[in-house]
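Q: Whatever this is, show me its structure:
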Amino acid sequence: MIFLLLVPLAGAYDQVLVPLTYGDQAIIFVGSSDLHAYFDQQPSMRYLFSKPTVKDYALRNIDNAVQKKALQPLVHEIEKKSSDPQEQAMIAIQMVQNIPYDWESYHAGTLKRRYAYDVLYDNTGVCGEKSELLVFLLRELGFGVALFHYEEENHLAVAVECDDDYGSGYCLVETNVPSEINEQQSTLYSEPKLFALADGRELKN
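A: Model (predicted):
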């Protein structure tokens with residue numbers, strides 16, 4: 001199903017159509033090059049004394065007002081696929097997991113913090129970028145969300161409030177590749193730090 005993305009910028013713009021797959025279905029994301037350029041030009045976080053935390057970076061991304069308006073059509077499309085919030089959450093999880101990992105930027109050493117919108121537009125991202133996209137979608141769908149930060153491995157994963165916890169009242173959701181809830185990557189060995197972002201409903205695991 002194709003949905004229209006309302007762009008808050010005047011003038012003509014190029015579009016990209018990105019199929020976001022879940023199961024054997026897909027939602028078509030219509031991306032604007034104007035918005036892509038807008039997010040690409042956003043300045044890095046500056047600080048005088050204390051370095052921004054994982055939570056600071058995540059909230060800067062998911063609280064951006066322009067992005068929130070631009071991604072509401074995608075949230076509404078997910079909600080239209082099912083009236084069950086649990087099924088909505090699984091659609092969002094599968095869609096983000098199925099976005100290809102950005103191995104090209106990883107190996108080239110050209111990674112930078114992209115906004116959730118850019119992950120969709122480029123149809124690629126690394127763990128932190130894809131995790132911030134997923135927490136944005138799950139928060140908009142009404143779920144309580146956080147991030148698990150594995151500092152030693154420099155890895156981020158999504159934490160969702162759930163009834164079958166991961167030792168913290170949250171379930172683990174990896175975004176790098178398709179995986180089950182609470183299925184941790186085999187390469188992770190450190191104890192993650194939890195950064196809570198929003199309260200909401202629980203995921204039924």
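Q: Tell me which helix or strand A146 sits in.
A: strand 145-150 (DSSP states H and E).
Q: buried residues in the helix or strand of the chain with the lowest mean pLDDT?
A: Sorting the helices and strands of the chain by mean pLDDT, DSSP states H and E puts helix 103-108 at the bottom, at a mean of 74. By neighbour count on 16 or more other CB atoms under 10 Å, the buried set for helix 103-108 is S105. (C-beta placed from N, C-alpha, C; glycine too.)
Q: mind showing which ranges of this protein have poor pLDDT?
A: Applying pLDDT under 70 to the chain flags the ranges 1-13, 46-48, 107, 109-111, 164-167.
Q: what comes up buried for the longest helix anywhere in it?
A: Longest helix in the chain by number of residues (criterion: DSSP state H): helix 65-81. For helix 65-81, burial by neighbour count (16+ other CB under 10 Å) applies to 66-67, 70-71, 73-75, 77-78, 81.
Q: Which of those residues sits closest to H36?
A: Closest approach between those and H36, by CB to CB: A70, at 10.2 Å.
Q: Wait, the closest one touches L35, no?
A: Yes: at 5.7 Å, A70 and L35 qualify as touching, with contact defined as CB atoms under 8 Å.
Q: Please identify the helix or strand for the spatially most central residue of the chain.
A: Nearest to the geometric centre of the chain sits L133, at 1.3 Å (CA atoms, centre = their mean). Here L133, judged by DSSP H and E, is contained in helix 127-140.
Q: again, but for F39
A: Secondary structure from DSSP H and E places F39 in helix 33-40.
Q: Using CSV, list the CA coordinates for that helix.
A: Output in CSV follows, covering the C-alpha atoms of helix 33-40 (Å, rounded to 0.1, in the frame of the first residue of the first chain):
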residue,chain,number,x,y,z
SER,A,33,14.9,14.3,-0.9
ASP,A,34,14.2,17.7,0.6
LEU,A,35,13.6,16.2,4.0
HIS,A,36,16.5,13.8,3.6
ALA,A,37,18.8,16.9,2.9
TYR,A,38,17.2,18.7,5.9
PHE,A,39,18.1,15.9,8.4
ASP,A,40,21.5,15.4,6.8
